[in-house]
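**Q** sequence plus predicted model, see below.
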Amino acid sequence: MTTIKEAAADFLAQKRIAVAGVSRNPQGHGSNIVYQRLRDRGYEVFAVNPNAEEIEGDKCYPDLGSIPGGVDAVVIGTSAEHASGVMRDAVAAEITRAWMHRSMGAGSVSEEATALGRDNGMVVIDGGCPLMFDPTADFGHKCMRAIFSLTGAVPRKV
């Protein structure tokens, strides 16, 4: 198994990242915060929501397979009950890295989705948040990482 730090560094080394589960009502929504930060840090980021045509002024895609040129990685920020569907789309789109967002509560983490991704050769980070790791981290997210690592919401190995 790979350490979370190594897996996070590899994930964040990718330049084309989709964020599934962005909301049309972004106020305080975790996926939107991840989307904004990745975009602001220079990533080519793609919003995915089947119920929206535009998110935060950017084109939104109904699924991972509809993103022109594909992506290298996906952040899954949906509810846990929808994570397996996104993971199936990721497998079909031949995406090799997935991160299921989690801070408090279950977040997007689904055992079924984790198994599906890993069984298909994908590196799956099942917890935590990309914003807890450099180069996207801020002080608050680093503090959350320390706390959530103790509670198990951030895995030690993937």
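**A** Ah, there it is.
**Q** when you work out contacts or count neighbours from here on, use the C-alpha atoms and nothing else.
**A** Noted.
**Q** what residues sit buried inside stretch 100-117?
**A** Along stretch 100-117, the positions that meet the burial threshold by neighbour count (16 or more other C-alpha atoms under 10 Å) are 100, 101, 102, 103, 107, 108, 109, 110, 113, 114, 116, 117.
**Q** show the pLDDT at the second one.
**A** Put plainly, it is residue 101. The pLDDT attached to residue 101 in the predicted structure is 91.
**Q** let me see the contact set for it.
**A** With contacts taken as C-alpha atoms under 8 Å, 6 or more residues apart in numbering, residue 101 has the following neighbours: 75, 76, 77, 107, 108, 109, 126, 127, 128, 129, 130.
**Q** min pLDDT across these, which one?
**A** Ranked by pLDDT, those bottom out at residue 107, which scores 83.
**Q** so which of the buried residues of stretch 100-117 belong to strands?
**A** The strands, defined by DSSP state E, take in residue 100 from the buried residues of stretch 100-117.
**Q** would TSV of the buried residues of stretch 100-117 with distance to residue 32 be doable?
**A** Supplementary listing: the buried residues of stretch 100-117 in TSV, determined by distance: C-alpha to C-alpha, whole Å:
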residue	distance to residue 32
100	14
101	12
102	14
103	14
107	14
108	14
109	17
110	20
113	21
114	22
116	25
117	23
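**Q** ok, and for the helix or strand of the chain with the lowest mean pLDDT, which residues are buried?
**A** Taking mean pLDDT, DSSP states H and E as the measure, the helices and strands of the chain show their lowest mean at helix 139-151, namely a mean of 87. Within helix 139-151, the residues that count as buried by 16+ other C-alpha under 10 Å are 141, 144, 145, 148, 149.
**Q** and the residues you listed as TSV, adding distance to residue 88?
**A** Putting the buried residues of helix 139-151 into TSV (distance: C-alpha to C-alpha, whole Å) gives the following:
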residue	distance to residue 88
141	29
144	29
145	28
148	27
149	28
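**Q** returning to what we had before: quick one: residues in contact with the least confident helix or strand of the chain.
**A** For helix 139-151, contacts defined as C-alpha under 8 Å, 6+ apart pick out 103, 128, 131, 132, 133, 154, 155, 156.
**Q** rerun at 7 Å
**A** Contact with helix 139-151 is made by 103, 131, 132, 154, 155, as judged by C-alpha atoms under 7 Å, 6 or more residues apart in numbering.
**Q** one more: stretch 49-57?
**A** In this structure, residues lying in contact with stretch 49-57 by C-alpha under 7 Å, 6+ apart are 20, 21, 22, 24, 47, 59, 60, 61, 62, 63.
**Q** appreciated, that's everything.
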